[in-house]
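> Next input, structure requested:
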Amino acid sequence: MRPVDAPVQGRPDKNAAAPRRNGAAVDRITADLDARIRRFIGRKDPTELGFERLALDVFAHQYECNRPYRHHCDRVLRDPSAVRSWRDVPAVSAASFADARLACFPPKRTALTFVSSGTTSAGARPSHHELETPAIYDASLLTHFQARAMPDCASGTLFALVPPFTDAPQSSLAYMISKIAAVFGTGEGGHFVNREGLDFDGFAAALERCSEPAVLFGTALAFAEVILRFDAAGRRFRLPIGTRIVETGGFKGVAREIPRAQLYEGFGRVFGVARVLCLSEYGMCELASQWYDANLDDYFAGRRPRIDVKVGPHWARVVVVDPVTGRPVPSGDPGLLQFFDLANRGSVSAVLTADVGRECEGGIELIGRSSAQPPKGCSIAADALLHKLDG
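Got it, this is the predicted structure:
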């Protein structure tokens, strides 16, 4: 029996995304779907029925316009006529984005391509996620980031321990943070990882000058590097009240891994930022939406902070499934995380990951990566620049 997370086989030719309807009809359907998804992202009172209707329409569109995905659905005997809920939509593994061009439009209409550089070990190909337009991606990114990382303010000084998108033009993480900085960033922030590596002195000087609440956003490995160097130099900062820290990526199995609790203790010791204002982001090249720890939003809303519980946006869903059967596991049991993301309209919305987690307090607790999988993640490309420090 074919395992549920096996990749879609056979990279199609360059014109494999050709739809069955004529181009003008497909363009009208695409424009209508995109407009509906963006309206749904902006809603303050989204309904489950509204999500279900959009999910089924997106699936029908992807079944028609994405030939490799349609072949996959036909093999598992689930076309749009047989699907009644987003939970029944056939998922592809994240690895499938390396094995086939999973796009609902021809290559000439690709506006952005994100590449996951963490899949190349043992000869595996990297994932490619193509976007026909950044509009939905941007709406998803900015709406959910503000809700989870900046619920109490409209702007702040942003310090990024990730290269700018101009230095890493295929990194979804670099794109994310560059877009966040452009929309929400003020003051004397900036990017402090570039083609030359970590600008430690520039980062320290910028922190010294910081006079308004800031957002420090970077990979776990980059934060570990700067904390180590600040500790060695005896440097300490007391950043303005309201400053928060967002880390992403974990350590992806690298040799310099430190315990998560130790990393977060370093945030308080070196930067003077309380634990409740530190959160982790979970995202991947193959998904257009992100998940964030709930604690900061809970804190400002007067709720009990849910530490290490990640919550997604209302335009996406997650279900924890058994790695063998693909069926949902009982609530609270561990399994593989499977997502349905409306913001993936241009590719495949139902994506099965190799990440292990469980349902927890209205969100998910990320346990780790399946031991059978190589280190992977959009943070690896950013962290690779830090290796210049070792030379």
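> so what's the nearest residue to residue 246 once chain neighbours are set aside up against?
The shortest distance from residue 246 to any non-neighbouring residue, by Cβ to Cβ, 6 or more residues apart in numbering, is to residue 217 (4.5 Å). Any C-beta I mention is one placed from the backbone N, CA and C, and that applies to glycine too. Counting by Cβ atoms under 8 Å, 6 or more residues apart in numbering, residue 217 touches 158-162, 177, 180, 245-248.
> go again using 10 Å as the cut-off
Listed by Cβ atoms under 10 Å, 6 or more residues apart in numbering, the contact set of residue 217 reads 145, 149, 158-162, 173, 176-177, 180-181, 185, 189, 191, 223, 244-248, 281.
> Pull out the buried members of those residues.
145, 149, 158-162, 173, 176-177, 180-181, 185, 189, 191, 223, 244-248, 281 (16 or more other Cβ atoms under 10 Å).
> follow-up on the earlier one: mind checking how far the residue nearest to residue 246 is from residue 338?
Here the distance between residue 217 and residue 338 works out to 27 Å (Cβ to Cβ, to the nearest Å).
> How about residue 229?
Distance from residue 229 to residue 338, by Cβ to Cβ: 39 Å.
> With residue 222 instead?
29 Å.
> number of nearby residues for the nearest residue to residue 109 once chain neighbours are set aside?
If the residues on either side of it in the chain are set aside, residue 109 comes closest to residue 132, at 5.4 Å by Cβ to Cβ, 6+ apart. Residue 132 is flanked by 19 other residues according to other Cβ atoms under 10 Å.
> Let me know whether residue 132 touches residue 111 as I believe.
Yes. Here residue 132 reaches residue 111: they are 6.1 Å apart, a contact under Cβ atoms under 10 Å.
> lowest-pLDDT helix or strand in this protein?
In the chain, no helix or strand scores lower on mean pLDDT, DSSP states H and E than helix 379-384, which sits at a mean of 46.
> circling back to that earlier point, looking at residue 229 and residue 338, which is more packed in?
Neighbour comparison, residue 229 and residue 338: the larger count goes to residue 338, with 23 against 16 (by other Cβ under 10 Å).
> Can you tell me the strand partners of the helix or strand that one falls within and which way each runs?
Using DSSP states H and E, residue 338 falls within strand 335-341. As defined by DSSP bridges, the strand partners of strand 335-341 come to strand 316-321 (antiparallel), strand 350-360 (antiparallel).
> Let's see that strand as CSV, backbone CA atoms only.
Output of strand 335-341 as CSV, limited to C-alpha atoms (Å, rounded to 0.1, in the frame of the first residue of the first chain):
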residue,chain,number,x,y,z
GLY,A,335,0.9,12.3,15.0
LEU,A,336,1.9,14.1,11.8
LEU,A,337,0.6,17.6,11.2
GLN,A,338,-1.6,18.0,8.1
PHE,A,339,-2.7,21.4,7.1
PHE,A,340,-5.4,23.0,4.9
ASP,A,341,-4.4,26.5,3.9
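> Would you mind listing the buried residues in stretch 62-80?
Using 16+ other Cβ under 10 Å as the test for burial, stretch 62-80 gives 62-70, 72-73, 78.
> Then stretch 135-144?
In stretch 135-144, counting by 16+ other Cβ under 10 Å, buried: 136-144.
> would you list every one of the helices in the stretch 101-250 of the chain?
Listed in chain order, the helices of the stretch 101-250 of the chain (DSSP state H, counting those that start in this stretch) span 135-149, 172-184, 200-209, 220-233.
> which residues of the stretch 1-150 of the chain score low on pLDDT?
1-21, 117-124 (pLDDT under 70).
> ok, 80 please
Within the stretch 1-150 of the chain, the ranges that satisfy pLDDT under 80 run 1-22, 117-124.
> ok, now the stretch 151-300 of the chain?
187, 250-258.
> Geometrically speaking, which residue is the centre of this protein?
By Cα atoms, centre = their mean, the chain has its centre lying nearest to residue 283, at 2.0 Å.
> Does that residue touch residue 313 like I think?
No. Residue 283 is beyond contact range of residue 313, at 11.4 Å (criterion: Cβ under 10 Å).
> By residue count, tell me the biggest helix in this structure.
helix 23-42 (DSSP state H).
> Just the terminal-to-terminal distance for stretch 196-212.
Start-to-end span of stretch 196-212 (Cα to Cα, to the nearest Å) is 28 Å.
> Report the buried residues of it.
197-199, 203-204, 206-207, 210, 212.
> Kindly report the same for stretch 165-179.
For stretch 165-179, a neighbour-count test (16+ other Cβ under 10 Å) marks 165, 167-168, 170-179 as buried.
> Is there a neighbour count for residue 108? I'd like the number.
Residue 108: 7 neighbours (other Cβ under 10 Å).
> Who are the packing partners of the longest helix of the chain?
In terms of contacts (3 or more Cβ pairs under 10 Å, 6 or more residues apart in numbering; DSSP states H and E), helix 23-42 is packed against helix 48-65, helix 135-149.
> Against residue 270, how distant is the most far-flung residue of the chain relative to its centre?
Largest separation from the mean C-alpha position in the chain: residue 234, at 34.4 Å (Cα atoms, centre = their mean). Distance, residue 234 to residue 270, using Cβ to Cβ: 10 Å.
> same deal with residue 187?
Taken as Cβ to Cβ, the span from residue 187 to residue 270 is 20 Å.
> of those two, who's got more company?
Remark: of residue 187 and residue 270, residue 270 carries more neighbours, 20 against 17, as counted by other Cβ under 10 Å.
> Could you tell me the angle between the one helix or strand the more buried one maps to and helix 200-209?
Applying DSSP H and E as the criterion places residue 270 in helix 260-271. Interaxial angle, helix 260-271 versus helix 200-209 (axes from the mean of the first three to the mean of the last three Cα atoms, to 10 degrees): 60 degrees.
> Which strands or helices does helix 260-271 pack on?
Right, helix 260-271 is packed against strand 214-219, helix 220-233, strand 244-248, strand 278-282 by 3+ Cβ pairs under 10 Å, 6+ apart.
> Pull out the buried positions in the second one.
Counting neighbours by 16+ other Cβ under 10 Å, one finds that the buried residues in helix 220-233 are 220-227, 229-230.
> Alright, that wraps it up for me.
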